[in-house]
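Trainee: Next come a sequence and a model predicted from it.
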Amino acid sequence: QTNFKLLTCAGILCCLIWNGFAQQGGSDCIKANAKSCGECIQAGPNCGWCKKTDFLQEGEPTSARCDDLAALKSKGCPMEDIENPRGSKQLLENREVTNRKKGAAEKLKPEAITQIQPQKLSLHLRVGEPQTFSLTFKRAEDYPIDLYYLMDLSYSMKDDLENVKSLGTALMLEMEKITSDFRIGFGSFVEKTVMPYISTTPAKLRNPCTGDQNCTSPFSYKNVLSLTSEGNKFNELVGKQHISGNLDSPEGGFDAIMQVAVCGEQIGWRNVTRLLVFSTDAGFHFAGDGKLGGIVLPNDGKCHLENNVYTMSHYYDYPSIAHLVQKLSENNIQTIFAVTEEFQAVYKELKNLIPKSAVGTLSSNSSNVIQLIIDAYNSLSSEVILENTKLPKGVTISYKSFCKNGVNGTQEDGRKCSNISIGDQVTFEINITANECPKKEQNETIKIKPLGFTEEVEINLQFICECQCQSEGEPNSPACHAGNGTFECGACRCNEGRIGRLCECSTDEVNSEDMDAYCRRENSTEICSNNGECICGQCVCKKRENTNEVYSGKYCECDNFNCDRSNGLICGGNGICKCRVCECFPNFTGSACDCSLDTTPCMASNGQICNGRGTCECGTCNCTDPKFQGPTCETCQTCLGVCTEHKDCIQCRAFDKGEKKETCAQECMYFNMTRVESRDKLPQPNQPDPLSHCKEKDVDDCWFYFTYSVNSNGEVNVHVVETPECPSGPDIIPIVAGVVAGIVLIGLALLLIWKLLMIIHDRREFAKFEKEKMNAKWDTGENPIYKSAVTTVVNPKYEGK
């Protein structure tokens, strides 16, 4: 019985949980009020469309075809008739990352080296359903490097130029430890060639320096040496450079950085690691500062080199920091700011705004520039940061990184991994989700790449906005009222100006009174039972806030939530409500399906239903004999117990005494009796036949023990202990001795108590006496009748000599 109740409760709980999930998942699908399969699948990833022609009940709208998959199946839609397209991914280009070591015999071209995998893939996106793929990055060994050294040639950098003149060959030797394919270039900058940045007097234009200093004319930016693998050529051309001068302290370095970034052909950049070393001992001008010189046109971000000289510095303003970030990122250039200690704070703030950049402290004469470049390169190359191009509207992307030593990152930290050495491999998990379909349903392409690297992943996004069955639709189908619509996905999509489930009405006929007459039940004035609206002479039932509650029927007269309830559940959780009547599950009946036909709860321990004393109704025993009660009619409050009922017969047969001693042979031969030596030998309760253990008193006030059982054949078996347990008589001597001893002890105790009380009383009286004695006061006055025995006489002649 207990197990049955547990199973019943578990079943009801499962139903409630399942209904809760169905409601939660199906609510979004139903609330979308989808008129077509395409609208349905855009409502959510769990929404499906039933294209079965006769799926809808009478009065249900077309939007009822869109629901949670489990709900559609429970409503009788076969899985093969449910449209539920899923997203997918397809790898289009997936070359393995290159395993190459420095000094290997093979000499690969830069474009043949692969550091990122995959290279190209296609994602089919359904609204709300994320697509996930893994991106692997491995830092290749002996990867080619292009380094361009951009130097401030204002007068304060005079001593630095002397050290840079021999930089080419020295840097070549150091970089050979990192890569066998290294190229170096050199450029210089000063300032815009207009007032107030420089002096425009003819003499100052020829030589901006004072005294006998021989300086070159001021210029904005000059590409001295395009990238080359010849270190000696670098030393030669840089050795011919001369210092120039300007008036203000900030320099025009941003103009130079912009031209280095966008003039790829003139600089000679390859699709390899690109490093730009920016060396200066001053600050920088940025967008807006050009107004001081009357320059208001914003920088256009294009290349303006003629004969390797920037010619439009007087025409375009300085670029903004954001503009520089964009162009450096587009051209995969990593920047190293080699600046003096004085301007460290300024350029560190600038570094925080420019991804994949580093700042190094330049000594006063640039003597440490080689070590600075090596340290900055190692710092930049040890970190991988992923970036993506602009996402289409409604598309979101998230990253999760799996870096070295079990370090994982999510959200913004999911884009990057640090402390990567040459040959290390890291993985990123990328989720892309479409939250809406694009209006034109065109495909989109986005790209993901590590900052500072030329390699990238190209992702083609294809949006699933329509169902397959829509392409199989039949325009002007006869099924849609003589061709007034397209029959697709089991429903009619009406032509313009037509409405109705089968497109049977025009919009002009919608509100006519003749149509309303078809929506009234006989002898009723209510249109669609006040549970819907009349469209084209047919009731379209309204929806309820709880999407699991549905109106249906020709006149919306039916629903699935107004059936009888039991235990707070519709149909007791044991049936389905159809048109306000419960259809019960097997083994249940009743108006609320609250009557179980299962007789297991009524089964008594003897294998009989209700112990043969009643009938099993709705899983509960209805006892026919009013004397009996209990779950299986096993209890009788007014009946004698088995033990009391049979004790006289057992007493007379076992011990030949008792009330039935004279009639024993006639009345007490209905059972088989077996004598046993002790109570331990009596049968135990684990035997198959029902068994009662009894303890009764005989006529001599002795206890006798027996068992009473009835086997499957109806035979009564009695086992009785052959020797009764009789109480022994009282022992007089100990009782008398105990009474006497008790009286003596009580007397002694009373004497001791009396003596103790007297002692306490005497002590209190003595203490009281002592207190009064201490407080006593005696009169100290003289006795008026007392006369002293001594008389004193004074000699009148005595003068005290």
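Mentor: Done, it's in.
Trainee: which SSE is N378 in?
Mentor: Assigned by DSSP states H and E, N378 falls within helix 369-381.
Trainee: Break down the stretch 251-400 of the chain into its strands, ranges please.
Mentor: 273-280, 305-306, 309-310, 333-339, 357-361, 384-388, 395-402 (DSSP state E, counting those that start in this stretch).
Trainee: Tabulate those in CSV, adding columns for mean neighbour count, distance to C668 and mean pLDDT.
Mentor: C-beta here means a position set from N, CA and C on the backbone, and glycine is covered the same way. Formatted as CSV, the strands of the stretch 251-400 of the chain follow (neighbours: other Cβ atoms under 10 Å; distance: least, Cβ to Cβ, whole Å; pLDDT from 0 to 100):
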stretch, mean neighbour count, distance to C668, mean pLDDT
strand 273-280, 25, 113, 88
strand 305-306, 14, 131, 90
strand 309-310, 20, 131, 91
strand 333-339, 26, 112, 88
strand 357-361, 21, 112, 86
strand 384-388, 19, 99, 88
strand 395-402, 17, 88, 92
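Trainee: which stretches of the stretch 301-450 of the chain aren't confidently modelled?
Mentor: Within the stretch 301-450 of the chain, the stretches with pLDDT under 70 are 364-367, 441.
Trainee: And the helices in the stretch 51-200 of the chain?
Mentor: With helices called from DSSP state H, counting those that start in this stretch, the stretch 51-200 of the chain shows them at 69-74, 158-164, 167-175.
Trainee: which element follows the helix-or-strand element of the chain with minimal mean pLDDT toward the C-terminus?
Mentor: Ranked by mean pLDDT, DSSP states H and E, the weakest helix or strand in the chain is helix 2-31, scoring a mean of 47. The element immediately downstream of helix 2-31 (helix or strand, assigned by DSSP H and E) is helix 37-41.
Trainee: follow-up on the earlier one: right, and the helices of the stretch 51-200 of the chain - which one's nearest K400?
Mentor: For K400, the closest of the helices of the stretch 51-200 of the chain is helix 69-74, at 28.5 Å, according to Cβ to Cβ.
Trainee: could you dump the closest one to PDB, C-alpha only?
Mentor: Provided in PDB are the C-alpha atoms of helix 69-74 (Å, rounded to 0.1, in the frame of the first residue of the first chain):
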ATOM      1  CA  LEU A  69       8.200  20.100 -29.800                       C
ATOM      2  CA  ALA A  70       6.900  18.000 -26.900                       C
ATOM      3  CA  ALA A  71       3.600  19.800 -26.900                       C
ATOM      4  CA  LEU A  72       3.100  19.200 -30.600                       C
ATOM      5  CA  LYS A  73       3.800  15.500 -30.200                       C
ATOM      6  CA  SER A  74       1.400  15.200 -27.300                       C
END
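Trainee: residues of it that come out buried?
Mentor: Going by neighbour count (16 or more other Cβ atoms under 10 Å), the buried part of helix 69-74 is L69, A71, L72.
Trainee: For C469, which non-adjacent residue is spatially closest?
Mentor: Closest residue to C469 apart from its sequence neighbours, by Cβ to Cβ, 6 or more residues apart in numbering: C489 at 4.2 Å.
Trainee: Quick one: neighbours of that neighbour, just the number.
Mentor: Burial of C489 is recorded as 26 neighbouring residues (other Cβ atoms under 10 Å).
Trainee: contacting residues around it?
Mentor: The contact partners of C489, by Cβ atoms under 8 Å, 6 or more residues apart in numbering, come to S36, C37, W49, K51, R65, E83, C467, C469, Q470, G473.
Trainee: got a list of what the closest residue to L171 other than its chain neighbours touches?
Mentor: Excluding the flanking residues, the one nearest L171 by Cβ to Cβ, 6+ apart is I370, at 5.6 Å. I370 is in contact with L167, A170, L171, E174, counting by Cβ under 8 Å, 6+ apart.
Trainee: rerun that using 10 Å as the cut-off
Mentor: Neighbouring residues of I370 by Cβ atoms under 10 Å, 6 or more residues apart in numbering: N163, L167, A170, L171, L173, E174, M175.
Trainee: which residues touch the closest residue to E39 other than its chain neighbours?
Mentor: The shortest distance from E39 to any non-neighbouring residue, by Cβ to Cβ, 6+ apart, is to A32 (6.6 Å). Applying Cβ under 10 Å, 6+ apart, we find A32 in contact with E39, C40, I41, Q42, A43, G44, C47, S63, C66, D67.
Trainee: so who does the fourth one touch?
Mentor: Under the criterion of Cβ under 10 Å, 6+ apart, the contact partners of Q42 comprise 32, 34, 36, 126-128, 434-437, 463-466.
Trainee: May I ask which of the contacts of A32 comes out lowest in pLDDT?
Mentor: Minimum pLDDT for those is recorded at S63 (82).
Trainee: number of nearby residues for the residue nearest to that residue when sequence neighbours are not counted?
Mentor: Counting by Cβ to Cβ, 6+ apart, S63 lies nearest to N33, which is 4.8 Å off, once chain neighbours are set aside. Other residues lying near N33 total 15 when counted by other Cβ under 10 Å.
Trainee: Next one: N33 relative to V540, how far apart?
Mentor: When Cβ to Cβ, to the nearest Å is applied, the distance between N33 and V540 equals 12 Å.
Trainee: what is in contact with the two at once?
Mentor: Contact with both N33 and V540 is made by residues P61, T62, S63, according to Cβ under 10 Å, 6+ apart.
Trainee: In three-state terms, label W754 for me.
Mentor: helix (DSSP: H, G, I helix; E, B strand; the rest coil).
Trainee: burial of it, as a residue count?
Mentor: So W754, with other Cβ under 10 Å, has 10 neighbours.
Trainee: rewinding a little: which stretch among the helices of the stretch 51-200 of the chain approaches L237 most closely?
Mentor: helix 167-175 (8.9 Å).
Trainee: Packing partners of the closest one?
Mentor: strand 145-152, strand 182-189, helix 231-239, strand 273-280, helix 369-381 (3 or more Cβ pairs under 10 Å, 6 or more residues apart in numbering; DSSP states H and E).
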